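Peer 1: Build me a model:
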Amino acid sequence: MSRLLPYPLLATSLLVMWILLNGLSAGHLVLGAIIGIAASWAMTALEPAKPRLRRWGLIPGLFVTVMADVLRSNIAVASIVLRGRRGQRTSGFVTIPLELRDPTGLAVLACIITSTPGTAWVEYRSGTGVLLLHVLDLADEQEWIDIIKGRYERPLMEIFE
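Peer 2: Coordinates of the predicted model:
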C-alpha cells in the first residue's frame with residue numbers, strides 16, 4: 001500500500017479538495033484520484049524530512065493565537081485602507097534574530113507571518129538565523145521582535161525542537 005500511495009493523507013486531502021471545488025461526479029472523482037496519486041508519487045521524489053513533533057498539546061493554543069492575530073491584523077489593515085491613514089503610517093523592515101532552526105518550524109513560522117495581513121516574510125539567512133520582516137504599520141520595532149519571538153517562535157521551538 002505504501003508503494004502505491006506513499007502519502008495517503010496528501011492524496012486523500014487533494015481528492016477531497018478537488019471534489020469540493022468541482023462538485024461530485026464520476027469524472028471528477030477519477031480525475032481527483034489521479035491528481036492525488038500523482039502528487040503523492042511526486043512527493044516521494046522530493047524526499048521530505050518527516051517532522052518530529054515533540055509537544056502536540058501546544059498546537060491548539062498556537063492555532064488560537066494565530067487566528068486571533070490574523071483577525072486583529074485584518075481589522076487593522078482594513079482600517080488603514082478604508083480610513084485612508086496612509087500618511088499617518090510608516091511601513092518598514094524589521095530584522096529579527098531567530099533561535100528556531102528546525103526547517104518545519106521555520107516553514108510554519110513563514111506561513112504564520114505571511115498569512116497575517118500587514119506583514120511579509122522577506123528573507124531568512126540560515127547561516128546567521130536572521131529574519132527580515134516587512135511590516136505595513138511599523139510603530140515600534142522592538143514590539144514586533146517581541147511578538148514574533150514570544151508569540152510564535154517560542155511555541156514553535158517547543159513543538160519542533
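Peer 1: any idea which helix or strand carries the residue nearest the centre of the chain?
Peer 2: The C-alpha lying nearest the average C-alpha coordinate of the chain belongs to residue 111 (Cα atoms, centre = their mean; 1.7 Å). Element membership of residue 111, judged by DSSP states H and E, is helix 103-115.
Peer 1: Against which helices or strands is that helix packed?
Peer 2: Contact here means 3 or more Cβ pairs under 8 Å, 6 or more residues apart in numbering; DSSP states H and E; on that basis helix 103-115 packs against helix 58-83, strand 119-125, helix 154-160. All C-beta atoms are positioned from the backbone trio N, CA, C, and that covers glycine.
Peer 1: With mean neighbour count and mean pLDDT as added columns, please give those in TSV.
Peer 2: As requested, these are arranged in TSV below (neighbours: other Cβ atoms under 10 Å; pLDDT from 0 to 100):
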stretch	mean neighbour count	mean pLDDT
helix 58-83	13	91
strand 119-125	15	93
helix 154-160	19	94
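Peer 1: Tell me the pLDDT of the residue in the chain sticking out farthest from the centre.
Peer 2: Using Cα atoms, centre = their mean, the residue of the chain lying farthest from its centre is residue 26. It sits 33.5 Å away. Here the pLDDT value assigned to residue 26 is 94.
Peer 1: So what does it look like in phi/psi?
Peer 2: When quoted as degrees, to the nearest 10, the phi and psi of residue 26 stand at phi -60, psi -40.
Peer 1: how far away is it from residue 126?
Peer 2: Separation of residue 26 from residue 126 (Cβ to Cβ, to the nearest Å) stands at 47 Å.
Peer 1: do the same with residue 24
Peer 2: The spacing between residue 24 and residue 126, counted by Cβ to Cβ, is 44 Å.
Peer 1: Please apply the same query to residue 95.
Peer 2: For residue 95, the distance to residue 126 (Cβ to Cβ) stands at 15 Å.
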